[in-house]
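Student: Sharing a model that was predicted from the sequence below.
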Amino acid sequence: MAITASKSHAHDAESRQDRRAQLVEATMEAIRQFGISRVTVAKVASLAGLSPGIVNFYFQSKEQLLLDTLRTIAFDYEQAVRGALDRARGAEESLLAIVDVNLDEHILNPRTASVWYAFWGESQARQDYLRIFGEREAAMQARIFSFFESLREAGTRTAVNAKAVARAFDALIDSFWEDCMADPEGFDRAASREMCVAYLNSVFPGRFERRCPEVDPPPERTRADGEDRQDIQGMLAPWTYRNPELFDVEMEAIFKRQWLLVGHASELDEVGDYLTFDAAGERALVVRDRDGGLNAFHNVCRHRGSRVVEGTRGRCRRSIVCPFHGWTYNLDGSLKSVPAFKTFAGLDKTRHGLVPLDVEVWHGFVFVRFQGEGASLAEQLAPVEHLVAPYRMADMKPLGGHYRKEYDYNWKIIHDVDNEGYHVPMAHPSLQQLYGKTYRDLEIDGVAYSTGTVDERPAKLWSVGKYKKLLPRFDHLPERHQRLWLYVGVFPNLVFAIYLDMMEFYMTVPLSVGR
Ligand code: FES
Ligand SMILES: [Fe+2]
């Protein structure tokens, strides 16, 4: 008896499961045909070939039925991803496995895509839906990030921001779901896969060839001091230069979280001297405090958000007075006074100071970081510290002032060409005559730098010839620097060009995806 009962329970459970699956299936079909808001229990029952009473027996309400349907889609997806990742070996195979799951017809087809987005459309008003989407998104992001991070750590592309690349890769995969829903006929799985492989190769060149991993393992890459960068040049996929969503990701994940240059400490000599700097939709203010230190804040008044100081530089007296309604802040950012203070019932001045930012002075150059945490700039640039230390950059004084120009192209383009000396012979004939074949693009532990040595060869250009002849010895510089031109890249947007008699810097400040 006991055995029979047990079998019977198992059988009951199985058939209940089948029924539920059948109803979930019918619900998906109903959503596809009628849209989520017009799904009714009667329609689901009719599509399943059952009576509405049976539907109500399994699901207490239409809401419950919908929720179970969404959970089922999310569960199936998660199971498929886990299965594929279990079979994959290494980060490369894992990333390709994620691509393949998302292009698998059982997972991504016009119906699942349209149902998924129908739920997404509802999710803004539904916490339970939102949680399911959030969990799937977070799980995917975390996985993808970990794969990119391990590729970054194991390879030579240590400057790659794994978080930003993971976001972009995730967005690329999401775009296949959108394509499949919007244009089921035109959606091309093979071309989509190729695009993913091309994108992955654009970030980690040559790592994602179509090959059998057993027969042809990926080339070993080693990292060494001063490794030549010529072998790792690559282009990003064209869409990355014109995609506004990727631009937003770049601002959030890169520009808001990296150290950005504001100016040189010598521009902030006196108490109350300030510099401002806008980037990634944020506004920074750096001011010299009475104790001689530098403070950085969001240049945003705590009253109505006005800039508290205007222009790119200036001097406040003893305090910072917002030009809009006159809220006044001390140089340490604390709120000092508020006109008609009594009319602001309950305003706690101690909680309404300017919002501080991370600030760091590196060899005299002042940097801010809008968000995020992590390495100090000194730690980030430690690999090239021995190269820059002799130049006494903190003691330098600005000669030429800042120069700013706007261009109609994506910010990455300038770094693509500037980061490689390949353009020098054609684009800068005078530099070619100055240091010619000695020019090299190098990298130490993720910090890119380039060097050229001023040679003794006669130069065709009068100015280059004279420069070579007149160049004196520089007693403060070690022997190997005596004729060195040094360029140091500070990720993501800055290059210090350190010459013998002077230095300059140039940086990109993205205004929009194409500007
Ligand atoms: S916005 Fe600054 S005082 Fe009103
Ligand atoms: Fe150049």
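Tutor: All right, it came through fine. Ligands and ions are numbered 1, 2, ... in the order given.

Student: need the strands for the stretch 201-350 of the chain, in chain order.
Tutor: Here the stretch 201-350 of the chain has its strands, by DSSP state E, counting those that start in this stretch, at 227-228, 260-264, 273-279, 282-288, 294-298, 313-315, 319-321, 328-330, 335-337.

Student: and those as JSON lines, adding mean neighbour count?
Tutor: Bear in mind the C-beta positions are built from the backbone N, C-alpha and C, glycine included. Shown next, in JSON lines, are the strands of the stretch 201-350 of the chain (neighbours: other C-beta atoms under 10 Å):
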{"stretch": "strand 227-228", "mean neighbour count": "14"}
{"stretch": "strand 260-264", "mean neighbour count": "22"}
{"stretch": "strand 273-279", "mean neighbour count": "21"}
{"stretch": "strand 282-288", "mean neighbour count": "23"}
{"stretch": "strand 294-298", "mean neighbour count": "22"}
{"stretch": "strand 313-315", "mean neighbour count": "14"}
{"stretch": "strand 319-321", "mean neighbour count": "18"}
{"stretch": "strand 328-330", "mean neighbour count": "19"}
{"stretch": "strand 335-337", "mean neighbour count": "17"}
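
Student: Serialize those strands to JSON lines and add fields for distance to ligand 1 and mean pLDDT.
Tutor: Listed next are the strands of the stretch 201-350 of the chain as JSON lines, based on distance: least, C-beta to the nearest ligand atom, whole Å; pLDDT from 0 to 100:
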{"stretch": "strand 227-228", "distance to ligand 1": "51", "mean pLDDT": "48"}
{"stretch": "strand 260-264", "distance to ligand 1": "22", "mean pLDDT": "97"}
{"stretch": "strand 273-279", "distance to ligand 1": "15", "mean pLDDT": "97"}
{"stretch": "strand 282-288", "distance to ligand 1": "13", "mean pLDDT": "98"}
{"stretch": "strand 294-298", "distance to ligand 1": "13", "mean pLDDT": "98"}
{"stretch": "strand 313-315", "distance to ligand 1": "17", "mean pLDDT": "96"}
{"stretch": "strand 319-321", "distance to ligand 1": "9", "mean pLDDT": "98"}
{"stretch": "strand 328-330", "distance to ligand 1": "9", "mean pLDDT": "98"}
{"stretch": "strand 335-337", "distance to ligand 1": "10", "mean pLDDT": "98"}
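
Student: mind giving me TSV with these and columns for distance to Gly372?
Tutor: Below are those laid out as TSV (distance: least, C-beta to C-beta, whole Å):
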stretch	distance to Gly372
strand 227-228	28
strand 260-264	12
strand 273-279	14
strand 282-288	12
strand 294-298	14
strand 313-315	26
strand 319-321	25
strand 328-330	24
strand 335-337	26
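
Student: Show me the one of those that comes nearest Pro390.
Tutor: The closest of the strands of the stretch 201-350 of the chain to Pro390 is strand 260-264. By C-beta to C-beta, the value is 18.1 Å.

Student: Closest residue of the stretch 151-300 of the chain to ligand 1?
Tutor: Closest to ligand 1 within the stretch 151-300 of the chain is Val300: 8.9 Å, counting by C-beta to the nearest ligand atom.

Student: beta partners of the residue nearest to that residue when sequence neighbours are not counted?
Tutor: Closest residue in space to Val300, ignoring its immediate chain neighbours: Arg283 at 6.2 Å, by C-beta to C-beta, 6 or more residues apart in numbering. Beta bridges link Arg283 to Asp278, judged by DSSP bridges.

Student: where in the stretch 1-150 of the chain is pLDDT low?
Tutor: Applying pLDDT under 70 to the stretch 1-150 of the chain picks out residues 1-16.

Student: could you redo the last one with a cut-off of 80?
Tutor: 1-21, 79, 83, 86-88 (pLDDT under 80).

Student: Tell me where it has helices.
Tutor: Using DSSP state H, counting those that start in this stretch, the helices of the stretch 1-150 of the chain run over residues 2-34, 41-48, 52-58, 62-87, 90-102, 110-122, 127-154.

Student: would you list those in JSON lines and tack on distance to Ile498 and mean neighbour count?
Tutor: Listed next are those as JSON lines, based on distance: least, C-beta to C-beta, whole Å; neighbours: other C-beta atoms under 10 Å:
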{"stretch": "helix 2-34", "distance to Ile498": "62", "mean neighbour count": "14"}
{"stretch": "helix 41-48", "distance to Ile498": "70", "mean neighbour count": "19"}
{"stretch": "helix 52-58", "distance to Ile498": "73", "mean neighbour count": "15"}
{"stretch": "helix 62-87", "distance to Ile498": "46", "mean neighbour count": "16"}
{"stretch": "helix 90-102", "distance to Ile498": "36", "mean neighbour count": "21"}
{"stretch": "helix 110-122", "distance to Ile498": "51", "mean neighbour count": "18"}
{"stretch": "helix 127-154", "distance to Ile498": "27", "mean neighbour count": "16"}
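
Student: Need those in CSV (columns: distance to ligand 1).
Tutor: Listed next are the helices of the stretch 1-150 of the chain as CSV, based on distance: least, C-beta to the nearest ligand atom, whole Å:
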stretch, distance to ligand 1
helix 2-34, 48
helix 41-48, 55
helix 52-58, 58
helix 62-87, 44
helix 90-102, 47
helix 110-122, 38
helix 127-154, 34
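
Student: got TSV for the ones you listed, with distance to Pro492 too?
Tutor: Shown next, in TSV, are those (distance: least, C-beta to C-beta, whole Å):
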stretch	distance to Pro492
helix 2-34	43
helix 41-48	51
helix 52-58	54
helix 62-87	30
helix 90-102	23
helix 110-122	31
helix 127-154	15
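
Student: Could you name the stretch from these that's closest to Asn410?
Tutor: Evaluated over those, closeness to Asn410 peaks at helix 127-154, with 21.4 Å, by C-beta to C-beta.

Student: That closest one versus helix 110-122: what angle between them?
Tutor: Here the directions of helix 127-154 and helix 110-122 differ by 110 degrees (axes from the mean of the first three to the mean of the last three C-alpha atoms, to 10 degrees).

Student: Which elements pack onto the helix or strand following helix 127-154?
Tutor: Downstream of helix 127-154, the next assigned helix or strand under DSSP states H and E is helix 162-182. Identification of packing neighbours for helix 162-182 by 3 or more C-beta pairs under 8 Å, 6 or more residues apart in numbering; DSSP states H and E yields helix 90-102, helix 110-122, helix 127-154, helix 189-203, helix 244-250.

Student: and helix 162-182, average pLDDT?
Tutor: Average pLDDT, helix 162-182: 90.

Student: Save the helices and strands packed on helix 162-182 as TSV, and put in distance to Asp455 too.
Tutor: Formatted as TSV, the helices and strands packed on helix 162-182 follow (distance: least, C-beta to C-beta, whole Å):
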stretch	distance to Asp455
helix 90-102	43
helix 110-122	61
helix 127-154	36
helix 189-203	35
helix 244-250	39
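
Student: what residues are up against Leu347?
Tutor: Residues near Leu347 by C-beta atoms under 8 Å, 6 or more residues apart in numbering: 338, 341.

Student: rerun at 7 Å
Tutor: Neighbour list for Leu347: Val338 [criterion: C-beta atoms under 7 Å, 6 or more residues apart in numbering].

Student: Can you show me the strands along the stretch 351-500 of the chain?
Tutor: Under the criterion DSSP E, counting those that start in this stretch, the stretch 351-500 of the chain contains strands at 358-362, 365-369, 440-444, 447-453, 484-490, 494-498.

Student: Tell me the strands beside the second one, with direction?
Tutor: Each strand that strand 365-369 pairs with, and the sense of that pairing, follows from DSSP bridges: strand 260-264 (antiparallel), strand 358-362 (antiparallel).

Student: picking up where we left off before, surely the residue nearest to Val300 meets Ala296?
Tutor: No: using C-beta atoms under 7 Å, Arg283 is not in contact with Ala296, being 11.1 Å away.
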